[in-house]
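Enquirer: A predicted structure for the sequence below; I have some questions about it.
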Amino acid sequence: MLNWPSHIALHEERQELFVANDADDSILVFRASDKANVAPIRMIKGPNTGIKNPPGITLDVKNGEISVASMGTHAVLFFPVTANGDVKPSRIIRGGPANQVALNIGNPGAVGYDTKRDQILVPN
């Protein structure tokens, strides 16, 4: 199911590996101990997710969220770490109105969280 995996994040406490699967517009979740050719234990994928060409992903363990940079929708999408299937994001940060040309978040390549400043960082 991997199709141009672009970024990964490990949730150590849950022992889960999150993969931003760029060309498949999905987030795949595997067990950290998985080996060889295995299916993901769950995935975030479908039209309700808003995920399109995700080049970056990060985890906020404290708040139990996964942040997904979605290049195709010019947005950063937030999901619970337990999300599965065609689910809507719990919140969205956009570079402009949906379905219009984005002015700010045009090509987010990664997402990070600065714990000292309590800020979400998105290089553009």
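Expert: Okay, I see it.

Enquirer: phi and psi next, for residue 84.
Expert: Phi and psi for residue 84, reported as degrees, to the nearest 10, are phi -150, psi 130.

Enquirer: wait, it sits on residue 44?
Expert: Yes - under the criterion of CB atoms under 8 Å, residue 84 makes contact with residue 44 at 6.9 Å. Just so you know, the C-beta spots here come from the backbone N, C-alpha and C atoms, and that holds for glycine as well.

Enquirer: so between those two, which is more surrounded?
Expert: residue 44 (27 against 15; other CB atoms under 10 Å).

Enquirer: tell me the secondary structure at that one.
Expert: strand (DSSP: H, G, I helix; E, B strand; the rest coil).

Enquirer: how near is it to residue 116?
Expert: Note on residue 44: its distance to residue 116, by CB to CB, to the nearest Å, is 29 Å.

Enquirer: try residue 3
Expert: 36 Å.

Enquirer: neighbour count: those two, which is higher?
Expert: Between residue 3 and residue 116, residue 3 has the larger neighbour count (other CB under 10 Å), namely 11 against 5.

Enquirer: having no further points to raise, I will conclude here.
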